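**Q** I would like the atomic coordinates for the input below:
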Amino acid sequence: MSKQFILCLAGLLLVMNEVVAQNYPSQEQFGRNRIQYRKFDWKVIKTSNFEIYFYQEGNQIANLTAQYAETDFDRITEILGYTPYNRIKVFIYNSPQELSQSNIGLSAPSGTNYKELSLAKSRLELAFTGDQISFRKQLIKEVSLLFVYDMLYGGSLKDALQSSLLLSLPEWYMPGIASYIADGWSVDLDDYMRDVALTRPVRKPSTLVGEEAMYVGHSIWNYIAERYGKDNISNILNLTRIIRNEQNSIASTLGVPYSRFLREWREYYSSMAKPVVDAYKPGEDGFQVTVSSSKEPAQLTSLKLSPDQSQYAYATAWRGKFEVTVVNTQTQKKQVIRKGGYKQDESPVKPASPLVTWQRDNLLVLTEERGQTYLYVYNNLDKKAKLKQRMVVRGVSQVIDMDASDDGASVVFSADRRGQNDLYLFSMGRGTVQQLTNDLYDDLYPQFVGRTRQIVFSSNRHIDSLSLDKGNYKSIRNQLSLFLHDGTPRVEVVSRLTDSLSIAMRPVASSENIIYYLDDATGVRNLAKMDVETKTREFVTGFSQNIRRYDLNPTSGAMVYSQLKNGSEVIGFRPRVNLNQARQLPLTRRATVQEVPKAVATPTTAPSTSSVTAAKTVDSTAVTALKLEPGEVDTDNYQFDSDVAKTIEFKQRRSTNTSASVAIPRTRRRENVTIRGPYKYQGLFVASDASSDWRIDPIRGFGYFQSLTMNDLLENHIIRAGLFITTNLRNSDLFTEYHKLVNRIDYSARFDRKTIFSDAGQYQKYRFNKVTLSASYPISVNSRFTVAPFYIVTRYLDLLQVGGSSSDYTGAKAEYVFDNTTLNGMNMIEGTRFKLRYENYIGLTEKVESGVRRGAGSFDRITVDLRHYQKIHRDIILALRLSGSHSAGAAPKKSTLGGMENWIGISEGIKEDKANNPLLLSPNRDNRDVFFLDLAAPLRGFRLGKLTGNSHMLANAELRLPVIRYLHRGPVTSNFLRNFQLVAFSDIGTAWAGKGPFSRQNSLNTEIVGGAGDPFQATVTNFKNPFLLGYGAGARTMLFGYYVKFDYAWGVENNVVGKPVAYLTLGYDF
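**A** Numbers count the residues shown, from 1 in each chain. Prediction:
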């Protein structure tokens, strides 16, 4: 046993999902689906550092991606102090909806983080967000994250896996620096940290996860850049790579203890936040509704107030699911009028839909479902909403904003097509779209002006002409100004309303002369009023937190808006806002130190900014002199010793480079980018995974397994092959399979060969060959239906005698699978899995020495497996499983119950020693039925093969407590401690042949005594409890690359508690 244990822990564990013939719980294939609603014809373009893959209508997006990425390449590498060795592969999708159809990552090994797997393979998947500004930021953010990962963990999957065992970073570290490189010190970061500093100060950033960790990490890197200089960013990163500890890296590089660094970081943002809150007076709301929090996260995608202000509608989306809600402003009652979608893994690109807008008393809801864009019309909203009409929107890739005209005949879209955002006019009567603008500039937040056809919108265009300047990647800027469009096609000029040096967004027109919009000129995004004739601007609200979304009734002053409050996004409603007041709002610290963008040269007059310039600057974050503690160094202000200074001066004088020319900094953007291609995508196969491990087969014992997986870059075609061989070199498994995942229906083909050689005085050989073809139809991302016809040949040879027998089977398998689970860590699953399978085996021939019999071996089997993983508190999971099977027909096959899978121990000691145990091959008998054996596990407290029958039922419950993760919220460097779990469990099950387990006539309580030479024979019926019960406790963790489980269990049979049994097993889940 000792020798086997050491050998088993020497290899790398692989979940046993390739072995066939016997059915094991760990082999059950669940998993989600990717549905292809269209055919993708991929091409590729190449630059010096990137390969950009795209498909139909994506040529312009691909070229822009290459230009954006190459333009910022030097800036990113300069900040990081690192240049990657490999060319980055970027797969571009035309919309987030089409990104969800990608197969990349679907075949990742169980327990593997898809995001980290993609980073290790130097590949990115991105969807066009709908506008150039946000897409460029998202691209730079993802590229930066990949570069940081490559820098810290190595340039290959092997290096990454090895480094991950030694380097465990908090979640704020890498996403934070990527966000900082992409967005810098932004208005949104300032807003988030203002809320954090005043309402929920962060003591330990290492305890944060998700979006909160990213924002806090962004603020930490921004603080380092502002306080200590950007050069220290690369120094910290490089030192982290060497010493593998982020806290020591920061302390050593900056010359201050890490605890002091965090204290001063908190003070930096709180000192900026307090003066803003004191100076800005937001006023009181009528009521507020929380739409997103850390416990129930969601993204607010749209918010609109009804014309009579009696209701407002908002839409939220999160991980593939969406919901549209209407709130009564008088009673504050909510009504969910539409919800849908399917739970998916979190995507880096946030969806733009659903969208809502009011059409008089009707509510328009736009969603993207099943590869189409739908526009729904709802009425009767004051009672129970009714669906009045559904329309399909064609001609655009995705819609990111919309507004309905006063007469209800038209809807204006801000939408993209072929990687270009423009304005479109949608006819409610004809269901057609007309394009209003046609250039590369973004045209965002369109709104109709009163009862006219005119449209006011935000854009980053430079000039008023729609025909002279179509835009290019060099001319795209982040600032947004307001423009007015006549609302008719073929218009060549728009009217510029503002020439903002800030971002003017979400305009609402009171008339042709008065426009309300959001402006961040002071550093906080508030509602401003623009007088078009006098070109003056006034702020009418004074919120200390950014207004994220809003809608306004200019006539009554009613306003609905969303903002961040105590870490949650809330919607506030105000029945009346004084729109005639002029707020004097001081500048934030960020607004005073940020570089003011150059004004765009246009013939229009720049708006007055008297309300801003006359204001006092909020201060209090002026950098004060550091108070150094003994042994600390101020790295910003120091002096060399006189001897050192003289040496440096002497070397400078002797320098041969005496020219006065100044080197061009690497941070300067490249003016020209060379693009090669496009080339047709070549689906070349590459080896993506090669795994080997030692295994313990319940019949053949200890053996070695080797597998190889190959696929194309898009993972549309997958080839797997594997070999298992035991130590006597006579027992083996061989399989090969191919999957084609290109179309709506997924196809696969597989061949299996299995050999069992019994040499324990028997010298019998068994062979099993199977060919399977399958077709899978994904019903949704969570469920699929599969049909798989097969052909099987089994053969039995007695090597001590002449002859043998073989059997041929044909048949089919029908299977339904549902899976909405998410993986939150090693063996940490949440959600539900379900499988229902029916198999029918038709015996074609059975060849024996005496002749041929047909159909004698036919049988069928139905199997059910239901698993639910419920979060109890934080990381504590209650895992429940209910399974069962039943075999019938001319030759029904057996199920065996007891023990655990992959049990490390002496094979004779872990099997129940009785005549009808199918795991013990009987001499002088055909044992080929072992190929169709159903192993029901776990039933702890008993040995393998405790109960056997044609049917079985089994229920399992495990309470899983990851001790270290639960008690310590920060990162844990030890792989052993990070994955350590304590479990309490209970199993109950039975197996029987004949009638049900409580019947008097079944194999459990019926025993035949006598016969076989005895002249007397009797049937004895007992009334013992048919169910076996096991209970106990155990532990799980990663040990030498294995996921090792230790369980200590007591078995209860017929109300008698047996001796405890210890299990040391390998594998995940149950």
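
**Q** wait, I862 touches S883, no?
**A** No. At 11.8 Å, I862 does not count as touching S883 under the criterion of Cβ atoms under 8 Å. All C-beta spots, glycine's among them, are computed from the backbone N, C-alpha and C.

**Q** now the phi/psi pair for the residue nearest to R477 when sequence neighbours are not counted, please.
**A** In space, and not counting its chain neighbours, R477 is closest to N460: 5.2 Å by Cβ to Cβ, 6 or more residues apart in numbering. Note on N460: its backbone torsions stand at phi -100, psi 20 [degrees, to the nearest 10].

**Q** and N460, how many neighbours?
**A** Counted by other Cβ atoms under 10 Å, the residues lying close to N460 total 23.

**Q** coming back round to it: more crowded one of I862 and S883?
**A** S883 (22 against 16).

**Q** can you list the strands that the longest strand along the chain pairs with?
**A** Ranked by number of residues, the top strand in the chain under DSSP state E is strand 828-848. When pairing is defined by DSSP bridges, strand 828-848 lines up against strand 804-819 (antiparallel), strand 822-825 (antiparallel), strand 851-853 (antiparallel), strand 859-873 (antiparallel).

**Q** SS state for M272?
**A** The local conformation at M272, judged by DSSP: H, G, I helix; E, B strand; the rest coil, is helix.

**Q** can I assume it is in contact with R590?
**A** Yes. Using Cβ under 8 Å, M272 is in contact with R590, at 7.4 Å.

**Q** overlap in contacts, those two.
**A** D190 (Cβ atoms under 8 Å, 6 or more residues apart in numbering).

**Q** for the stretch 851-1000 of the chain, what spans make up the helices?
**A** Applying DSSP state H, counting those that start in this stretch to the stretch 851-1000 of the chain gives helices spanning 907-910, 963-967, 975-978.

**Q** lowest average pLDDT across the ones you listed?
**A** Note on those: lowest mean pLDDT is at helix 907-910, with a mean of 61.

**Q** list the contacts for I514?
**A** Here I514 is in contact with K529, M530, D531, V532, P554 (criterion: Cβ under 8 Å, 6+ apart).

**Q** count of neighbours near A687?
**A** Neighbours of A687 under the rule other Cβ under 10 Å: 10.

**Q** any idea how far it is from H739?
**A** Noted for A687: a distance of 16 Å to H739, by Cβ to Cβ, to the nearest Å.

**Q** what does T437 give?
**A** T437 is 44 Å from H739, where distance means Cβ to Cβ.

**Q** for S783, same thing?
**A** Distance of S783 to H739, given as Cβ to Cβ: 18 Å.

**Q** if you count surrounding residues, which of these two has more?
**A** Each of S783 and H739 has its neighbours counted (other Cβ under 10 Å); H739 has more, 22 against 17.

**Q** beta partners of that one?
**A** I718, S748.

**Q** which residues does it contact?
**A** S107, H717, I718, I719, D746, Y747, S748.

**Q** drop anything exposed from those.
**A** S107, H717, I718, I719, D746, S748 (16 or more other Cβ atoms under 10 Å).

**Q** distance check, the fourth one against M710.
**A** Yep, that's I719 we're talking about. Taking Cβ to Cβ as the criterion, I719 is separated from M710 by 5 Å.

**Q** again with L823
**A** Per Cβ to Cβ, L823 is found 24 Å from M710.

**Q** using CSV, please lay out the helices of the stretch 851-1000 of the chain together with distance to D407 and mean neighbour count.
**A** Converted to CSV, the helices of the stretch 851-1000 of the chain look like this (distance: least, Cβ to Cβ, whole Å; neighbours: other Cβ atoms under 10 Å):
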stretch, distance to D407, mean neighbour count
helix 907-910, 79, 14
helix 963-967, 58, 15
helix 975-978, 62, 16
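
**Q** can you say which of these is nearest to V433?
**A** Distance to V433, taken as Cβ to Cβ, is lowest for helix 963-967 among those, at 50.8 Å.

**Q** packing partners of that closest one?
**A** Using 3 or more Cβ pairs under 8 Å, 6 or more residues apart in numbering; DSSP states H and E, the elements in contact with helix 963-967 are helix 975-978.

**Q** which elements pack onto the helix it packs on?
**A** Helix 975-978 packs on helix 963-967, strand 1028-1039, going by 3+ Cβ pairs under 8 Å, 6+ apart.

**Q** which other residues reach the shortest one?
**A** The reference is to helix 963-967. G825, R874, D875, I876, V972, L977, R978, F980, Q981, L982.

**Q** residue ranges in the stretch 951-1070 of the chain under the pLDDT threshold?
**A** The stretch 951-1070 of the chain contains residues with pLDDT under 70 at 1000-1021, 1023.

**Q** just the stretch 551-700 of the chain next, same as before
**A** Filtered on pLDDT under 70, the stretch 551-700 of the chain yields the residue ranges 594-671.

**Q** try 50
**A** Low-confidence regions of the stretch 551-700 of the chain, defined here as pLDDT under 50, cover residues 596-626, 628, 630-633, 635-667.

**Q** ditto for the stretch 351-500 of the chain
**A** Checking the stretch 351-500 of the chain against pLDDT under 50 turns up nothing.
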